[in-house]
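[1] I would like the atomic coordinates for the input below:
(one chain, ligands or ions: 1)
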Amino acid sequence: MAQTLALVTLLVHDYDEALDWFVGRLGFVPVEDRPVPEQGKRWVVIAPPGGRPGCRLLLARASTPDQQALVGRQLGGRVGFFLETDDLARDHARWQAAGVRFLEAPRREPYGEVVVFADCYGNRWDLLQPAPGHARATPPSLDGVRSGYDRWAAVYDHDANPLLALEESTLRAALGAVAGLDLLDLGTGTGRHALWAAGAGARVTALDFSEGMLAQARAKPGADRVRFLAHDLRQPLPFADACFDRVVSGLVLEHLEALDGFFAEARRVLRPGGRAVVSAMHPAMCLRGSQARFTDPDSGLVVQPGSVAHSVGAFAMAALRAGFAVRGIGEHAADEALAARVPRAARYVGWPMLVLLDLARPAGFEPATPTFGG
Ligand SMILES: C[S@@+](CC[C@H](N)C(=O)[O-])C[C@H]1O[C@@H](n2cnc3c(N)ncnc32)[C@H](O)[C@@H]1O
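    Numbers count the residues shown, from 1 in each chain. All right, here's what the predicted structure looks like:
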């Protein structure tokens, strides 16, 4: 028998007030938010950040005087929620700065470090970093990335996604002219960069492991000028050494747990003097509860294919370990102009949304351990 405790109900006074607090302050991720008109309610589900499988919270608006009286007291004053973290000191500092009310100082117990805080209604929560050997949380699951993108494919290009708008101009400006170059696009998706580069005169090869995304790419005008291949980037690239002048990769890194293999392979297939331009959603977006997600048009559900929160330092160090020279690392925020163009950018104005790594394969430098799989 396989059963999972999937949802626990948290009584709230107001959906948006609760979302502001859990998503805005704690960085929880909105998973579902859809109207239930026949009951005059919304079905609102949130989850802790980090993409780990586990129990989610259903935010239920109290609709009777009895229920309203229980908001914040549904567990009789006991600690009712146990939130595991991989770094209690980090979360404690961040949340204190965000005005979260802690009811004690962090303390060390045999099972780990723990501190109790109150949510916006007064419910008590344990924030817990388990001691080695006591961890119950499982690592982030990336199992759903491929199938998630297969489902996303049909609407991916129509999402009015502000990150894509910001990324497109930034990456292409960094890449410069590509006419006459051999260019490889890693995680091409629906072929956004690949088709543009082919139109700009590059000889383009483009890889992705989602057949759904590739099918969209192959159906677009100009697709016959691109070699689209199905390939899982967690495996070595199916190319000889030094056969491309440029590697591009747009918004893929959050879906890869191990970065070393990705960068080592990107560097291996570049000719000496070649360049890689790699973009990623900025890790600061995780603090706003953002990770790759879409609303499935069939079910109306918000789907998160699965993401890992890497740091900018982790990107840079993986590139350096692979033997790249770093020409530049840009951190790019949304601005008013972007918000005017893509309204969903308005809530991120001034906030870093994008990291761009501009890398070069130096002629003559070989990394000490050019191995795949790190
Ligand atoms: C956010 S989309 C970006 C697509 C495209 N680069 C763009 O910028 O529009 C991420 C893409 O990475 C692909 N992807 C994620 N993990 C992958 C893996 N292990 N191997 C190959 N492709 C992967 C997904 O299928 C998806 O198409």
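[2] the nearest residue to residue 124 once chain neighbours are set aside: how many residues sit nearby?
    Sequence neighbours aside, residue 79 is the residue nearest to residue 124 in space, at 4.4 Å (criterion: CB to CB, 6 or more residues apart in numbering). To be clear about C-beta, it is placed using only N, CA and C from the backbone, and glycine gets the same treatment. Residue 79 is surrounded by 14 other residues when neighbours are defined as other CB atoms under 10 Å.
[3] is it true that residue 79 touches residue 116?
    Yes: in this structure, residue 79 is within contact of residue 116 by CB atoms under 8 Å, at 6.1 Å.
[4] need the overlap of contacts for these two.
    Common contacts of residue 79 and residue 116 (CB atoms under 8 Å, 6 or more residues apart in numbering): 124, 125, 126.
[5] among the residues you listed, which ones are in helices?
    By the criterion of DSSP state H, membership of those in helices covers no residue at all.
[6] so which of those residues is the most crowded?
    Within those, most neighbours by other CB under 10 Å means residue 125, with 19 neighbours.
[7] give me the neighbour count for the nearest residue to it once chain neighbours are set aside.
    Leaving aside its chain neighbours, residue 125 sits nearest to residue 81 (4.5 Å; criterion: CB to CB, 6+ apart). When counting by other CB under 10 Å, one arrives at 16 neighbours for residue 81.
[8] from residue 40, how far out is residue 81?
    27 Å (CB to CB, to the nearest Å).
[9] circling back: nearest to the ligand, of the shared contacts of residue 79 and residue 116?
    Closest approach to the ligand among the shared contacts of residue 79 and residue 116 (CB to the nearest ligand atom): residue 125, at 32.3 Å.
[10] could you check the pLDDT of residue 51?
    Residue 51 carries a pLDDT value of 57.
[11] whoops, residue 175 was the one
    At residue 175, the pLDDT recorded in the model is 97.
[12] do the same with the one 3 residues further on
    For residue 178, the pLDDT comes out at 98.
[13] can you pull the contacts of it?
    Residue 178 is in contact with 197, 200, 201, 202, 246, counting by CB under 8 Å, 6+ apart.
[14] can those residues go into TSV with extra columns for pLDDT?
    As requested, the contacts of residue 178 are exported to TSV (pLDDT from 0 to 100):
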residue	pLDDT
197	98
200	98
201	98
202	98
246	98
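[15] perfect, that will be all.
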